[in-house]
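*Asks:* what would the 3D arrangement of this be:
(2 chains)
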Amino acid sequence: AQSVSQHNHHVILSEAASLELGCNYSYGGTVNLFWYVQYPGQHLQLLLKYFSGDPLVKGIKGFEAEFIKSKFSFNLRKPSVQWSDTAEYFCAGSSNTGKLIFGQGTTLQVKP
Amino acid sequence: DGGITQSPKYLFRKEGQNVTLSCEQNLNHDAMYWYRQDPGQGLRLIYYSQIVNDFQKGDIAEGYSVSREKKESFPLTVTSAQKNPTAFYLCASSPGAQPNYGYTFGSGTRLTVV
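*Replies:* Below is the predicted model:
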């Protein structure tokens, strides 16, 4: 069965620390991967997506993610987090059906 | 502005009652989706519709029903058969069923069974 898993459920960082959130997927065929963010009290927003081409994808607000096919991974990174990055982050993937399958989510808390 | 409107934002229901959550989009998107969000479980797909008058069960469809009579509307009914209905419900849409489309999400409805 297709699945997406996120390793870290709750991450606490100080401002200016570097961030890496893990995401692994387990399905074959066409792979389309996404990272969404949900700020407190707001709706889910797309951070970035990968569907082909350069495996290093840059998104909004300084986030990037790297697709590593051999590791079935799509980890999210940011060199220096800010307090405003406090949010819940979801990795998601879709195959040929177009349906998005989400990971469990990672809550990021950035301390000022 | 184009977007997805979910209403109401908060909903309380007595046990044994059916309740319908509204989802309307003005993005002219063909596909619409309902997800349920629970802490630590991410988002799980309840139902989806890729075209008007057609819909498919997702991973956790038991106890829910939907309709798609109009392109812009995809209401979700939580029936009394749903054993654990208290949750945050998110509606989403995408231009089509092609896998590289991302979704646009509504702001959600928080349902509480009292």
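
*Asks:* got the residues of chain A near chain B?
*Replies:* Contacts of chain A with chain B, taken as CB under 8 Å from any CB of the partner chain, map to A:6, A:9, A:30, A:32, A:34, A:36, A:42-46, A:49, A:51-52, A:90, A:92, A:94-105. Yep, even glycine has a C-beta here, placed from its N, CA and C like the rest.

*Asks:* the strands in the chain, which residues?
*Replies:* Using chain A here. A:4-5, A:10-14, A:19-21, A:24-25, A:32-38, A:45-50, A:56-58, A:64-68, A:73-78, A:87-94, A:101-102, A:106-111 (DSSP state E).

*Asks:* I was thinking of chain B, sorry if that wasn't clear
*Replies:* Going by DSSP E, chain B shows strands at B:4-7, B:10-13, B:19-25, B:31-38, B:42-51, B:54-57, B:64-66, B:76-78, B:87-94, B:104-105, B:109-113.

*Asks:* so where's chain A uncertain?
*Replies:* A:1, A:96 (pLDDT under 70).

*Asks:* residue nearest the centroid of it?
*Replies:* A:Trp35 (3.7 Å; CA atoms, centre = their mean).

*Asks:* contacting residues around the closest residue to that residue other than its chain neighbours?
*Replies:* Nearest residue to A:Trp35, sequence neighbours excluded (CB to CB, 6 or more residues apart in numbering or on different chains): A:Leu47, at 4.3 Å. Contacts here follow CB atoms under 8 Å, 6 or more residues apart in numbering or on different chains; on that basis A:Leu47 touches A:34-37, A:59-61, A:63, A:76, A:89.

*Asks:* find the nearest non-adjacent residue to the most centrally placed residue in chain B, please.
*Replies:* Note on chain B: the residue nearest the mean C-alpha position is B:Trp34, at 2.8 Å, using CA atoms, centre = their mean. The shortest distance from B:Trp34 to any non-neighbouring residue, by CB to CB, 6+ apart, is to B:Ile46 (4.3 Å).

*Asks:* I appreciate the help and will end here.
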